[in-house]
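Got a predicted structure plus its sequence, pasted below:
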Amino acid sequence: MHILSQLRSGQLKGIKRLDLSCGLATFPEEIFSLADSLEILNLSGNALSSLPDDLPRLKHLKVIFCSDNQFDHLPEVLGRCSRLTMVGFKANQIQTVSAAALPSELRWLILTDNQISHLPDELGRCHALQKLMLAGNRLQSLPDTLAACTNLELIRISANLLPALPNWLLGLPKLAWLAFAGNPFCQEATEQASVPVRWQDLSIQEKLGEGASGVIYKAHWQHANGSPVAIKLFKGALTSDGLPQCEMAACVAAGQHPNLIGSIGKITDHPDNATALLMPFIDKHYRNLAAPPSLESCTRDIYTENQRFKLATTLNIALSIADAAAHLHASCILHGDLYAHNILINGEGKTKLGDFGAASFYTPGQTLLQNIEVRAFSYLLEELINITDTADAGALKQLQTDCAHPDIKKRPLFASVKTQLNELLSANKQAPQ
Ligand SMILES: Nc1ncnc2c1ncn2[C@@H]1O[C@H](COP(=O)(O)OP(=O)(O)OP(=O)(O)O)[C@@H](O)[C@H]1O
């Protein structure tokens, strides 16, 4: 984080990224002194309601974040910033998004947690769009023109007022991550008999991890016979993917599976009325398979450079995740965020899929939605193949290509994926090592 005096004194000359959060009510003119270098401007957490008309003077600007400010419209000047590819205006009071506000090279648009009831048809002209985050708005419809955004890979439309899931979603050839829970058309979760857990019966210990939506703590629970548990304490009423109560409902409904982190129950009686979920504790030998996407990679996870697997390990990881996904689909749950960064893995290659923040319930009549998740699996498979030491990944690559088929109907379902992976595992065991 930078401070205003550094900017004013000229200390920041030449920087590519500026982060300023200091109660700004107006855009500091001094930012233009960085016009020759600035690519990423983060003004989140201020009191801004407008941007200057001459913003395009920041001629290298690629990314702008203005989350947690006071905008009531998406500033039209953004549409004139020719290099802008990422626009993040989460948690404002935006009601109006006009066509003029959309930069032509837009890849990533975040308008989560606003008051938007209408989006312009011209959004469909943003052909580079890969990531569209609209959870927590008042949308009653989406522009049909979005069918032309064939590069869209991730869509969040949870917690809106949509009467139905648009048909064109199933025609998007690259769509892999979809979240739609908390809309009027959605299946209510059948309330599962989950164990009631009282906050008073828990003693909180160290922090285990933190994501955008919550903080995870280790804890002891009176009824756990001495074994540790984990708590996810949600940060707010809305996450970047949807509503905490939808996440908890899906996590509880998912039940038990060896490759899911799973849940124990919903926590009641939190002193600040925070939403919280009790989960089994996953021991410290497990770590995240990858880190979440960067601004550059947009939709693709980041792996550490020296991470390599043998073919047998890759096949086992793939099989365990296909099995977990098949288990979820058997209960009509779409995970919605099937990503390596949501998979914990231990030294023996055992995996646990977690984070149900983007999960949605679908009806048995919407089974084609499963094929969207199969595309997410294909990305995971592609990444795993890239870090696998083998001269013979041909058959696995073919499976990956099939799972990524641009025609959603031609992708295999997870049951078939599992069969194929089992065959590959048997063949690998018989091959000379
Ligand atoms: N049951 C658990 N036991 C141990 N560690 C856990 C457990 N659940 C989560 N963690 C740790 O906490 C991290 C964050 O968890 P999680 O992905 O659920 O948070 P999040 O807020 O939903 O993240 P996101 O940014 O994707 O919304 C995980 O990556 C993992 O390292």
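That came through fine. Numbering: from 1, shown residues only.

okay, CA-based contacts and neighbour counts for the rest of this
Will do.

so Lys207 touches Val215, yeah?
Yes - if you go by CA atoms under 8 Å, Lys207 and Val215 touch, sitting 7.3 Å apart.

Surely Gly124 is within a strand?
No - counting by DSSP: H, G, I helix; E, B strand; the rest coil, Gly124 falls outside a strand, being helix.

Can you tell me how far the nearest residue in space to His285 that is not next to it in sequence is from Asn288?
Closest residue to His285 apart from its sequence neighbours, by CA to CA, 6 or more residues apart in numbering: Asn346 at 5.4 Å. Distance of Asn346 to Asn288, given as CA to CA, to the nearest Å: 9 Å.

Also His73?
Here the criterion is CA to CA. By it, His73 lies 38 Å from Asn288.

Compare these two (neighbour count), which wins?
A count of neighbours by other CA atoms under 10 Å puts His73 above the other of His73 and Asn288, at 20 against 17.

can you pull the pLDDT of that one?
At His73 the predicted local confidence, pLDDT, stands at 98.

isn't it right up against Thr96?
Yes - the criterion here is CA under 8 Å, and His73 meets it with Thr96 at 4.6 Å.

Quick check: Phe27 vs Lys13, distance?
According to CA to CA, Phe27 stands 18 Å off from Lys13.

no no, Arg287
Applying CA to CA, the value for Arg287 to Lys13 is 39 Å.

Tell me the gap between the helix or strand harbouring Lys429 and the middle of its chain.
Using DSSP states H and E, Lys429 sits within helix 414-430. Taking CA atoms, centre = their mean, to the nearest Å, one finds helix 414-430 lying 29 Å from the centre of the chain it belongs to.

which of the residues in it are buried?
Of all the residues in helix 414-430, those buried under the rule 16 or more other CA atoms under 10 Å are 414, 417-418, 420-421, 424-425.

Just name whatever secondary elements it is in contact with.
Applying 3 or more CA pairs under 8 Å, 6 or more residues apart in numbering; DSSP states H and E, we find helix 414-430 packed against helix 311-330, helix 394-403.

now, of those helices, which is deepest in the fold?
Among those, ranked by average contacts under mean count of other CA atoms under 10 Å, first place goes to helix 311-330 (a mean of 21).

what's the spacing between that helix and its chain's center?
Relative to its chain's centre, helix 311-330 lies at 20 Å (CA atoms, centre = their mean).

Packing partners of it?
Here helix 311-330 touches strand 351-353, helix 369-386, strand 388-389, helix 414-430, going by 3+ CA pairs under 8 Å, 6+ apart.

I would like the residues contacting the last one, please.
Same thing as helix 414-430. Outside helix 414-430, the residues that touch it by CA atoms under 8 Å, 6 or more residues apart in numbering are 311-312, 315-316, 318-319, 322-323, 325-326, 374, 395-396, 399.

Could you do the second one as well?
For helix 369-386, the surrounding residues in contact (CA under 8 Å, 6+ apart) are 170, 174-178, 309, 314, 318, 322, 329, 334-340, 362, 393, 396-397, 400-401, 403-405, 408-409, 411-414.

and the closest residue to Asn151 other than its chain neighbours, how many residues sit next to it?
Excluding the flanking residues, the one nearest Asn151 by CA to CA, 6+ apart is Gln130, at 5.3 Å. Around Gln130 there are 21 other residues, counting by other CA under 10 Å.

same deal with Ile157?
As a burial measure, Ile157 scores 26 neighbours (other CA under 10 Å).

Check it and give its pLDDT.
At Ile157, pLDDT is 98.

I'd like the distance between the closest residue to Lys62 other than its chain neighbours and the ligand.
Nearest residue to Lys62, sequence neighbours excluded (CA to CA, 6+ apart): Leu84, at 4.0 Å. From Leu84 across to the ligand, the span is 24 Å (CA to the nearest ligand atom, to the nearest Å).

cool, Ala212 as well?
For Ala212, the distance to the ligand (CA to the nearest ligand atom) stands at 4 Å.

Please consider this matter closed, and thank you.
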